[in-house]
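Engineer: Below is the sequence, then the predicted model.
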Amino acid sequence: MTTPPKKSKKSNYAKFILQLLIKRTHKIEIKSIPENSVIDIGGGGEGIIAQIGRDRITVVDKLQSEIDEAQHKAPEAKWILADARNLKFSDGQFDSATAFFSIMYMSNEDKREVFKEVYRVISQKGEFWIWDASIAKEEGVFLIKIKVIFPDKTAVRTAYGVPSKKQNAELTKEMLQAIGFKVKLTEIHKHWYLLKAKK
């Protein structure tokens, strides 16, 4: 999924498209995802996690258009239109949670609320895996093109774009720890990172 910056003028949109065309593609190999039942936060668009986990994935996205775009790619998954800041699931309902390039679309306050809800709805031994972008600049537009390699070695190419903001593994780790998560793995690449946190 590629989302142009909101409220952009024609010239800004043209710059967005030009940057997208010239951006280098980054390879992300997903060797595994958490086992058993997983709630995937903001998993519409490409539906990356749903394509891997299929019927054991419950995808939550607040935009119906994103669900419509992804649902046919993994029809066995459960697709739910919902705001992840206020999940209508019981405590400990899922074994684990994931977020694949979705928290970059959230404000810091929204991230905190979403992380609290994830903490609540996963089991006592549950994990929360986050793949997302490292964004250093706070002005302009941030774009990243990626090639995702699935466990079965098939691949999907996609891109993500947002108005620039400061986001990195360390800031995300701090937010997770403030809620009660214990970060057990931090994998940092040039423009993206993977965190694996445990409840």
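Structural biologist: Perfect, I can see it now. Small disclaimer: the values here were computed from a predicted structure and weren't measured.

Engineer: Other residues contacting the helix or strand where D132 lies?
Structural biologist: Using DSSP states H and E, D132 maps to strand 127-133. By C-beta atoms under 8 Å, 6 or more residues apart in numbering, the residues outside strand 127-133 that reach it are 28, 30, 33-34, 96-104, 115, 118-119, 122, 142, 144, 160, 167, 172, 176, 181, 191-199. For every residue, glycine as well, the C-beta is placed using N, CA and C.

Engineer: Just the buried ones from those residues?
Structural biologist: With neighbours counted using 16 or more other C-beta atoms under 10 Å, the contacts of strand 127-133 contain these buried positions: 28, 30, 33-34, 96-104, 115, 118-119, 122, 142, 144, 160, 167, 172, 176, 181, 191-197, 199.

Engineer: quick one: which of these sit in helices?
Structural biologist: If you go by DSSP state H, these have 115, 118-119, 172, 176 in helices.

Engineer: now for these, which pair is the farthest apart?
Structural biologist: Y119 and T172 (14.0 Å; C-beta to C-beta).

Engineer: Low-confidence regions, this structure specifically.
Structural biologist: Within the chain, the segments meeting pLDDT under 70 span 1-23.

Engineer: thinking again about what came up before, among the buried ones among the contacts of strand 127-133, which lie within strands?
Structural biologist: Among the buried ones among the contacts of strand 127-133, the members found in strands (DSSP state E) are 28, 96-100, 142, 144, 160, 192-197.

Engineer: Looking at these, spot the one nearest K111.
Structural biologist: For those, the minimum distance to K111 (C-beta to C-beta) is 9.5 Å, reached by A99.

Engineer: S164 - how many residues pack around it?
Structural biologist: Residues lying near S164 (other C-beta atoms under 10 Å) number 16.

Engineer: Check D152 too.
Structural biologist: There are 8 residues near D152, going by other C-beta under 10 Å.

Engineer: before we move on, what about the one 5 residues further on?
Structural biologist: Here the count is done by other C-beta under 10 Å, and R157 has 10 residues near it.

Engineer: ok, now N168?
Structural biologist: 14.

Engineer: how close does it sit to K199?
Structural biologist: 23 Å (C-beta to C-beta, to the nearest Å).

Engineer: for D55, same thing?
Structural biologist: 24 Å.

Engineer: Adjacent strands (with direction) for the strand holding D132?
Structural biologist: strand 96-100 (parallel), strand 192-198 (antiparallel) (DSSP bridges).

Engineer: How far off centre is that strand?
Structural biologist: Distance of strand 127-133 from the chain centroid (C-alpha atoms, centre = their mean, to the nearest Å) equals 7 Å.

Engineer: these two touch, right, I146 and I30?
Structural biologist: No - contact between I146 and I30 fails when scored by C-beta atoms under 8 Å: they sit 10.9 Å apart.
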